[in-house]
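**Student:** Build me a structure from this.
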Amino acid sequence: MGIPPEPDHVATTWNEHLARTCGPWPFRWAVALACVTFPLIWVGGLVTSYDAGMSVPDWPTTFGYNLFAYPWKSWFFGPWDLFVEHGHRLMASLAGLLSLGLAVVCTRQSPRVRLASWLAVFLVISQGVLGGLRVLYNSRELAQIHAIVAPLFFVFTLCLVLWTYRESYSSLVTRPASGQFLALAWGLAALVLLQLVLGSFLRHTEGQYSPPRFRMLALWHMINAAVVCVVFPCTWGFARRWQLPQTARALAAAGCLLVTLQFVLGTLTWVAKFGWPSNVLPMSPVPGWTVQAEGFLQSVSATAHVAVGALLLGISVLIGLTASHRSSTRASRHLPVSGSVHPGDRDAAATRYSVRELVS
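**Tutor:** Got it, this is the predicted structure:
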């Protein structure tokens, strides 16, 4: 018997085998799902900005019609609230169909990707049911939960893009980053998630809090935003200093640009919705500005603020996943280096992955 090959070499062989076996379609379906989910967040933000959630009072039908059979003329030429809400439902249905298609084409992927694809189906169905219950019960609390779950699902689609790419194309073995950088990266993701939760409270519970409590919540949101604005450049700086993979450094750089844009959008959203804070900054650059309820600037800035926040959460999670990536050494250590690999042997080796390793 010969000496077993080095684990890195075997891991590369394992990745190459997955690429030959699965092809590019799982990755393409994952990209399509992510590309539909991101504008879905935009449309959902418009539903909240224009308070259009109850413009269609029934679910899963639309004024008694099947969702896909509702007259298109009534949709296109009807009230704006109806156009936004019904379009939101149609886009959500498309995301559900893409999730199901992704699960089907992932049948020859590794067990953890198969599990993740079916988990995406479960999540998108749960999100749809949650949105429907929000309509049936006219519940602000369910709307708030619905708004928090939406960016989490989008982040999960980005994870699926990364995982399917690794199994469809990537044969490069990478090493995980140091523990200090991983703590920084995942701490950043936790801060961005907290920021999204705070933003959801501000958007969906307006008028339900006393003024002191609302000011406290808004102040917490601003302080946490300042921390995120500091941590993102630190993450980029440490990624360059410790020579992390190019992907992690590019994601951190993109995050720095987006967090700057997010700061501008947040300021614009506040001014468009509440006016210039003259008690804090007396010199207003827009003297005579009048706040217009559900105005174009207010709706677009708030919706963009929500969407960019979801994108920042996705980037922060991808930085953590990219930096903590370990090659499939454990699953492929006993596989042959060359030649064909029997699917049963592949599955037997790969099933050593547990559900916890979905984020590894």
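
**Student:** Can you report how many residues lie near Asn66?
**Tutor:** For Asn66, the count of nearby residues is 9 (other C-beta atoms under 10 Å). No exception for glycine: its C-beta is placed from N, CA and C like everyone else's.

**Student:** any idea how far it is from Arg134?
**Tutor:** 20 Å (C-beta to C-beta, to the nearest Å).

**Student:** and if you look at Pro79?
**Tutor:** For Pro79, the distance to Arg134 equals 20 Å [C-beta to C-beta].

**Student:** which of the two has more neighbours?
**Tutor:** For Pro79 versus Arg134, neighbours defined as other C-beta under 10 Å are more numerous around Arg134 (21 against 11).

**Student:** For that one, give me the pLDDT.
**Tutor:** With respect to pLDDT, Arg134 has a value of 91.

**Student:** in what helix or strand does it lie?
**Tutor:** Taking DSSP states H and E as the definition, Arg134 sits inside helix 111-137.

**Student:** check contacts around Ser93.
**Tutor:** 67-68, 128 (C-beta atoms under 8 Å, 6 or more residues apart in numbering).

**Student:** picking that back up, can you point out the buried residues in the helix holding Arg134?
**Tutor:** 111-121, 123-124, 127-128, 131-135 (16 or more other C-beta atoms under 10 Å).

**Student:** Please, which helix or strand holds the residue nearest to Leu194 when sequence neighbours are not counted?
**Tutor:** Counting by C-beta to C-beta, 6 or more residues apart in numbering, Leu194 lies nearest to Asn224, which is 5.9 Å off, once chain neighbours are set aside. Applying DSSP H and E as the criterion places Asn224 in helix 211-241.

**Student:** what packs against that helix?
**Tutor:** helix 179-204, helix 246-274, helix 296-323 (3 or more C-beta pairs under 8 Å, 6 or more residues apart in numbering; DSSP states H and E).

**Student:** Deepest-packed of those, please.
**Tutor:** The highest average neighbour count among the helices and strands packed on helix 211-241, using mean count of other C-beta atoms under 10 Å, belongs to helix 296-323 at a mean of 23.

**Student:** tilt between it and helix 179-204?
**Tutor:** Between the axes of helix 296-323 and helix 179-204, defined by axes from the mean of the first three to the mean of the last three C-alpha atoms, to 10 degrees, the angle is 160 degrees.

**Student:** Report the rounded mean pLDDT for helix 296-323.
**Tutor:** Rounded mean pLDDT across helix 296-323 is 90.

**Student:** cool, stretch 146-165 as well?
**Tutor:** Averaging pLDDT along stretch 146-165 gives 94.

**Student:** now that stretch, how far from the chain's geometric center?
**Tutor:** The chain centroid and the centroid of stretch 146-165 are separated by 4 Å under C-alpha atoms, centre = their mean, to the nearest Å.
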